[in-house]
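A.B. asks: the following comprises the amino acid sequence and a computationally predicted model.
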Amino acid sequence: MPKKSCELESLAWLKDVGAPALVDVPKISANGRTEMFTQGRVSFEFSRSLTNFFNALRELDLNKIRALARSWGYEAPAEIDELLVRPLVYASLQNYWYMEVRGEIPSSIIAHSTDRIHRYLKMIKKYHQNPEAFKPAEPKVRLHHARADAFYTVLKADAKLNGQAALVFDALLAGFQTLAEITEHVDASGRLKTKQPTERVVKFYLNQFRHDKLIIQSTKPFNAETKKTKGGEK
C-alpha cells in the first residue's frame, strides 16, 4: 500500500538550496474511491498519474496558486507575475508527487526545481529592494499601421490540454491564426481568469505549443495537410 502522506524528511533537500520552511504540510486523504490533495485551504483531486495530477493543478486559478506558494513558505505578492509563480508551485508539487508515488525524486527533477527556486528567491529579493519596478507598466498606445503578422497553424489537433492552454488551443482549432485574432477570441470567451494581459498569456502558450510541435509558425497562412503556404511551398 502506498503511504498516505509525504514525510517531511523527504523534502529536506529544499533547505539545502535556501528554500523556506513549509507553512502548511501537504496531505492526501481518501474521499470514497478518490484521493484528495490538501495543503492549507487548497484542495483538489490527487492522481497517481503525474499527467493527471498536473492537469488538475493547471485548472487552479491564480488565487489558489498564490495560496499554495505561501503554503510552501514563499512570498507571492500580487505584483509578481503569474508566469513566475506557477512554475515555482508546479516544481514544489512535482517533488511532492515523486516522493509520494515513487519514493524518491530523480536528480534531474531536483536540479530543475533548484534552479526555479533560486531564480524565484532572487526575484523576491529584487522586489523588496524596488517594489515599484514590479508594478505593471502602463499599456502602450499601438498605432494601427500595417505589419507582417505571424500565422499559427495546428499540426496535432488531438493534443490533450487543460486550463489556459486549452483555451488558447481552442482558438487555434477554431481557425484563428494570428496573434491578434487568437487574443481577441480568447478575450471574447470570457473564460480567461487572470490579471495578466491576454496577449501575454497567448504568446506564452503559442511559444510552448511551438516547442512541443503542436503548431507551426509561418509568415503566410499555412495548410497543415498540403504543407504549403499561400503562394507556394513553405
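C.D. replies: That came in fine, so what should we check first?

A.B. asks: by residue count, what's the longest helix in this protein?
C.D. replies: The longest helix of the chain (DSSP state H) is helix 107-129.

A.B. asks: next one: that one to chain centre, how far?
C.D. replies: Distance of helix 107-129 from the chain centroid (Cα atoms, centre = their mean, to the nearest Å) equals 16 Å.

A.B. asks: okay, now the sheet partners of the helix or strand that comes right after that helix, with direction.
C.D. replies: Per DSSP states H and E, the first helix or strand lying C-terminal to helix 107-129 is strand 151-154. Partners of strand 151-154 in the sheet, by DSSP bridges, are strand 215-218 (antiparallel).

A.B. asks: for the most centrally placed residue in the chain, what are its contacts?
C.D. replies: For the chain, the residue sitting closest to the mean C-alpha position, by Cα atoms, centre = their mean, is Arg86 at 5.3 Å. Shown in contact with Arg86 (Cβ atoms under 8 Å, 6 or more residues apart in numbering): Ile65. All C-beta atoms are positioned from the backbone trio N, CA, C, and that covers glycine.

A.B. asks: from Arg119, how far out is Lys126?
C.D. replies: 11 Å (Cβ to Cβ, to the nearest Å).

A.B. asks: what helix or strand is the residue nearest to the centre of the chain on?
C.D. replies: Using DSSP H and E, Arg86 sits within helix 82-97.

A.B. asks: cool, Val186 as well?
C.D. replies: With DSSP H and E as criterion, Val186 is part of helix 179-189.

A.B. asks: can you check Asn207 too?
C.D. replies: Element membership of Asn207, judged by DSSP H and E, is helix 198-211.

A.B. asks: per-residue pLDDT, the residue lying closest to Asp187 once chain neighbours are set aside?
C.D. replies: Nearest residue to Asp187, sequence neighbours excluded (Cβ to Cβ, 6 or more residues apart in numbering): Thr198, at 5.0 Å. pLDDT recorded at Thr198 is 88.

A.B. asks: ok, Thr198 - contacts?
C.D. replies: Here Thr198 is in contact with 183, 186-187, 192 (Cβ under 8 Å, 6+ apart).

A.B. asks: specify the residue ranges that define each domain of the protein.
C.D. replies: Per the record, the chain has its domains at 8-133, 151-233, by automatic domain parsing.

A.B. asks: which stretch in those is the model least sure about?
C.D. replies: domain 151-233 (a mean of 81).

A.B. asks: Ser43 versus Ala76, what's the distance?
C.D. replies: Applying Cβ to Cβ to Ala76 and Ser43 gives a distance of 18 Å.

A.B. asks: neighbour-wise, which of the two wins?
C.D. replies: Comparing Ala76 with Ser43 by neighbour count (other Cβ atoms under 10 Å), the higher total belongs to Ala76, at 23 against 14.

A.B. asks: hmm, the more buried one is touching Asn63, no?
C.D. replies: No. Look at Ala76 against Asn63 with Cβ atoms under 8 Å: they stay out of range, at 10.0 Å.
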